[in-house]
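Asks: How does the following fold in three dimensions:
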Amino acid sequence: MSNKHKIDEKLPSQETLLLDYAQRLDRHRAGRCAVHVHLSKLRAYNRRDQHIRIAANTFENLVGTYEGQIFILSNADLVFVGKGASFADIDGAVIKLRYLFSEDPLSQAENDSRDPFCTWYNIETQYPEFFALAQQMAATAERRGTGGPLTATQAQQQPSDPLTPDQLARIEQTLVRADLTNLMRRQSACALIDGAPPQTVFQELFVSIADLQKLIAPKISLLSNRWLFQHLTETLDKRMLALLPRHNDSTIQTRFSLNLNVATLLSPEFLAFDGELRATARGTVVIELQVFDVFADVGSFFFARDFVRERGYRLCLDGVSHIAAPTIDRERLGIDLVKIMWDPGMSDAASDRRNAEFRETIKRIGEARVILARCGSASAVEFGHSAGIAVFQGWHVDSLLNPGKKPGVVSLKPTAARA
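Replies: Residues are numbered from 1 along each chain as shown. Got it, this is the predicted structure:
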């Protein structure tokens, strides 16, 4: 078979993988159970990509504990299969999802015959039913063309190999020697008040993962394994911390933010970075921590938080959805800022009651303590203003800072920044 034909072959979809897995379960039914969560029945504004990713992450602990498999289907449904877990064990994750989508009619619907939110399967006694589900999902995906054949160009551009520990080790060895300057980007968070020109509060500095992948691992999906990717980001954190003190761009000596892992804050590399940073600059530097990283090990977070705040840094909780925002107790967490991700569904689903609840959430967190990020349009800023938010980040903000230029994050290199 020629290489061209191999490239044109269909790449496996999640539905195909589920069907293959279900076939193999025929001889390994003992002790296994499954749940099919019908997220495809949620309202459109509740099943955007970020919501589905958050929902899938809810099962991560179960995957490791119960030899589990999680399938994220193309229609947004989730299927989890575990071995040795009771229905009660898995139901803990399902309860979290019900709470996450508590305002959606699906989670509130009542049906005496079956639960519209999810369907349970005891694989030992209901294997035929589960296998029929897998067959149905695969057939439906095939009709929709999900995971269908790619052109040669598409296949060559799309990373298809999953990240493995061996590949991660080789990538990290490459990063030790690589010059990451060309991969470093910055994007401003700005105060937008009463039609005045945007006032930069700080510039977020980060490594472009998309460009990194193209440069050192074009055929590997760096995001395919969350835990390996987490380890990779810790390596990137340390490389960035080593590069920044030697960078000659005077615009990033103060008033910038770094998106770091909790573990990085306890590393020798952070201590070295802290030692080279002027004491007067620390009070202007914001350290952004991802919400999942914080809650994965709250004890380590508290320890790291106390250390960096004592040194004078400010902390920002990043990656908060508008759905999760009401559950964030900023003062109890001991953080200074909360970054909420803009979602067009926030305005699509607008109602007087929901707007009032969101405004109340912002007021409780602190209007001056909230940043609305990923703002790609004026409507995002308008909605934020209506909720009392004054600081924004995203492509629309970039376009206000640089009128007439194509929006988007810019290189950290001073020459590129001026271009």
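
Asks: Low-confidence ranges, the stretch 301-419 of the chain, go.
Replies: 345, 347-352, 404-419 (pLDDT under 70).

Asks: show me where it has helices.
Replies: 330-333, 345-348, 352-365, 378-386, 395-401, 414-418 (DSSP state H, counting those that start in this stretch).

Asks: Mean neighbour count, those helices: which tops it?
Replies: Ranked by mean neighbour count, those are led by helix 395-401 with a mean of 19 (mean count of other CB atoms under 10 Å). C-beta coordinates here come from the backbone N, C-alpha and C atoms, glycine included.

Asks: Please compute how far that one lies from its chain's middle.
Replies: 22 Å (CA atoms, centre = their mean, to the nearest Å).

Asks: rewinding a little: among the helices of the stretch 301-419 of the chain, which comes closest to C33?
Replies: Closest to C33 of the helices of the stretch 301-419 of the chain is helix 345-348 (CB to CB; 32.4 Å).

Asks: Quickly list the domain ranges of the chain.
Replies: Each domain of the chain is listed here as a residue range: 3-152, 161-418, per automatic domain parsing.

Asks: And these, which one averages the lowest pLDDT?
Replies: Lowest mean pLDDT within the domains of the chain: domain 3-152, at a mean of 77.

Asks: to the chain's geometric centre, what's the distance from that one?
Replies: With CA atoms, centre = their mean, you get 19 Å for domain 3-152.

Asks: Next one: P162 from G64, what distance?
Replies: Distance of P162 to G64, computed by CB to CB, to the nearest Å: 17 Å.

Asks: Those two: who's more crowded?
Replies: P162 (13 against 9; other CB atoms under 10 Å).

Asks: from memory that one sits against L228, does it?
Replies: No. The criterion here is CB atoms under 8 Å, and P162 misses it with L228 at 9.0 Å.

Asks: would you turn the helices of the stretch 301-419 of the chain into a markdown table with distance to S321?
Replies: Below are the helices of the stretch 301-419 of the chain laid out as a markdown table (distance: least, CB to CB, whole Å):
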| stretch | distance to S321 |
| --- | --- |
| helix 330-333 | 15 |
| helix 345-348 | 10 |
| helix 352-365 | 12 |
| helix 378-386 | 14 |
| helix 395-401 | 19 |
| helix 414-418 | 31 |
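
Asks: Could you say which one of these comes nearest to P198?
Replies: Of these, nearest to P198 by CB to CB is helix 395-401, at 5.0 Å.

Asks: now for that closest one, which elements pack on it?
Replies: Helices and strands touching helix 395-401, by 3 or more CB pairs under 8 Å, 6 or more residues apart in numbering; DSSP states H and E, are strand 184-191, helix 378-386.

Asks: For L97, which of these is the nearest?
Replies: Of all the helices and strands packed on helix 395-401, helix 378-386 comes closest under CB to CB, at 25.7 Å.
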